[in-house]
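Peer 1: Task: produce atomic coordinates for the following.
(chains A, B and C)
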Amino acid sequence: MPELPEVETMVREVRPALVGRTIREATLSHTDVLRGVTGRRFLTTLRGARVEQVTRRAKHAVIRFGAHRLVVQPGMTGSLQTQDAPLSTAQRRYAVLRARLDDGRLLIYRDIRRIGTLRLLDERGWRAYEARLGPEPLDPSFTPAELGVAFARTRQAVKKALMDQRLVVGVGNIYANEALYAAGIDPSRRADRLDDSSIERLHAAVVRILTAAIESEGSTIRDYQTGTGQPGSFQLELKVYDRQGEPCRQCGTPLAGTHAIDARMTVFCYRCQGRRVGEVGEVMK
DNA sequence: ACGAGGTCCTGCGAGC
DNA sequence: TGCTCGCAGGACCTCG
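Peer 2: Numbers count the residues shown, from 1 in each chain, chains lettered A, B, ... in the order given. All right, here's what the predicted structure looks like:
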C-alpha cells in the first residue's frame, strides 16, 4: 500500500521519463477513480499537455503541466509507471489511465482495487487541497516539537494520530506500526499524553524508517510496484507489520495483533511497547 | 468538536 | 474441488 516511501520511489522513477514530454493521447478504462472532474474534461486537459514537473506531496504524486496538476493518490494498490514496450494483456487489465507520450512511451496509472484517486486541480484547487495536509516528515524543518504540537491537537490513540494526514503526512498503516515498535511506544496510548522523550523517539523512528524504506524502494506486501514495475524490498526489513503471532525480534514474545485502533491491523509487542492489557479492546493472537 | 463506523473496490485466503 | 464469505485499507463521508 503506497505510503510516502512507495510514492517517493515511483515519482523518482517516472520523473526522468516524463519531464519535458507532451502527452499525445490519453484513455481511461474506468472513470470511478476520478474526483471532481468528468472523464471527458480530464482527458481533454491531458491531451497536448506538456509535463513541467513531477513531485511528491504526502502520499500523492503530483504531475504539473501549465495551469493544472494531475494529483495521483495511489490508495491501496495504485502505482504510476512508464512503459517502453507495449502492454501485455495482464498489464492492460489494471491500467486505468494510459497516456501516450510524444516519444512513444506510455505513462500508465495502474490500480487493481481502484481505491486510488486521480484529481485535476488548477492553482487555486491545489492550494486548497494542500492546505489540508500536515507537514512533510522528511523535511528538515520537521522537528519533534512540531510533532508534539500536532499530537497535542488530538485525543486519539497515537497510532491513529500518526496516520492522520492533517497532523503529519505520508505515514500509513505499515510505517505507523513499524515506527511505534521502533520507538517502543504502545500504539493505543493517547497522542496528547506522550512525554517529550517518547515524542523524540517516535520522531526519530519515523524519519529513520521512512528514509530507509525509500532506499529500499518501498515495501511490497502484495500489489505495490515501483515506477518501473518492480517490487520494493523494505518488506524484508519490517519488524512487526504482518507478523502477528510471530516472535518479536527483540525479545521473542509472540507479537499481538488487534483491530481495536481505527479498525486497522495493529501489530505490536506487549513487552517492548509496554502495553497495558485490555486498555483498548480485544487483542488477537 | 470529536469520535465511531460505513463506503468505495477487487483479489485472495480461509472455511465449508 | 469449488464455492461463498470476509478481510485488506486511505481517505472521505455521515451520524450521534
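Peer 1: Ramachandran angles for the residue in the stretch 101-250 of chain A that DNA strand B sits nearest to?
Peer 2: Closest contact between the stretch 101-250 of chain A and DNA strand B, by C-beta to the nearest atom of the strand, is at A:Arg155 (3.2 Å). (Each C-beta comes from the backbone N, C-alpha and C, glycine too.) Main-chain dihedrals, A:Arg155, degrees, to the nearest 10: phi -100, psi 10.
Peer 1: Could you pull up the residues touching it?
Peer 2: A:Arg190, A:Ala191, A:Asp192 (C-beta atoms under 8 Å, 6 or more residues apart in numbering).
Peer 1: Between those, identify the one with the most neighbours.
Peer 2: With neighbours taken as other C-beta atoms under 10 Å, the top of these is A:Ala191, carrying 24 neighbours.
Peer 1: what's the closest of the contacts of A:Arg155 to A:Ser198?
Peer 2: Using C-beta to C-beta, A:Ala191 comes nearest to A:Ser198 of these, at 10.1 Å.
Peer 1: Please, where are all the helices along chain A?
Peer 2: Under the criterion DSSP state H, chain A contains helices at A:4-18, A:39-46, A:89-94, A:123-131, A:144-151, A:158-163, A:173-183, A:196-215.
Peer 1: Output the contacting helices and strands for the third one.
Peer 2: Here helix A:89-94 touches strand A:106-111, going by 3 or more C-beta pairs under 8 Å, 6 or more residues apart in numbering; DSSP states H and E.
Peer 1: Quick check: which of the helices of chain A is nearest to DNA strand C?
Peer 2: Proximity to DNA strand C (C-beta to the nearest atom of the strand) singles out helix A:173-183 among those, at 3.6 Å.
Peer 1: Show me the contact partners of the closest one.
Peer 2: A:1, A:3-5, A:158-159, A:162-163, A:171, A:186-187, A:198, A:201-202, A:204-206, A:208-210, A:213, A:219, A:221, A:238-241, A:264-269, A:272-273.
Peer 1: Apply 7 Å and report the result again.
Peer 2: With contacts defined as C-beta atoms under 7 Å, 6 or more residues apart in numbering, helix A:173-183 is touched by A:1, A:3, A:158-159, A:162-163, A:187, A:198, A:201-202, A:205-206, A:209-210, A:213, A:219, A:238-241, A:264-269, A:272-273.
Peer 1: near DNA strand C, anything from stretch A:168-180?
Peer 2: Yes. Applying C-beta under 7 Å from any atom of the strand, one finds stretch A:168-180 in contact with DNA strand C at A:Gly172, A:Asn173, A:Ile174.
Peer 1: What is the neighbour count of the first one?
Peer 2: Right, A:Gly172. A:Gly172 has 19 nearby residues by other C-beta under 10 Å.
Peer 1: and if you look at A:Ala212?
Peer 2: Residues lying near A:Ala212 (other C-beta under 10 Å) number 13.
Peer 1: And it, what's its pLDDT?
Peer 2: Looking at A:Ala212, its pLDDT reads 94.
Peer 1: ok, it - contacts?
Peer 2: A:Ala212 neighbours (C-beta under 7 Å, 6+ apart): A:Phe234.
Peer 1: got the residues of the stretch 101-250 of chain A near DNA strand C?
Peer 2: Proximity of the stretch 101-250 of chain A to DNA strand C, by C-beta under 7 Å from any atom of the strand, involves residues A:Arg113, A:Ile115, A:Arg132, A:Met163, A:Gln165, A:Gly172, A:Asn173, A:Ile174.
Peer 1: Show the model's pLDDT score for the third one.
Peer 2: The per-residue pLDDT reported for A:Arg132 equals 89.
Peer 1: ditto for the fourth one
Peer 2: Confidence at A:Met163, expressed as pLDDT, is 94.
Peer 1: By mean pLDDT, flag the weakest helix or strand of chain A.
Peer 2: helix A:89-94 (a mean of 84; mean pLDDT, DSSP states H and E).
Peer 1: Run the contact check for that one versus DNA strand C.
Peer 2: No. Judged by C-beta under 7 Å from any atom of the strand, helix A:89-94 makes no contact with DNA strand C; its nearest approach is 13.6 Å.
Peer 1: what does that helix contact?
Peer 2: By C-beta under 7 Å, 6+ apart, the residues outside helix A:89-94 that reach it are A:Arg110, A:Asp111, A:Ile112.
Peer 1: how near is the second one to A:Pro2?
Peer 2: With distances defined as C-beta to C-beta, to the nearest Å, the gap from A:Asp111 to A:Pro2 amounts to 10 Å.
Peer 1: No more questions from me, cheers.
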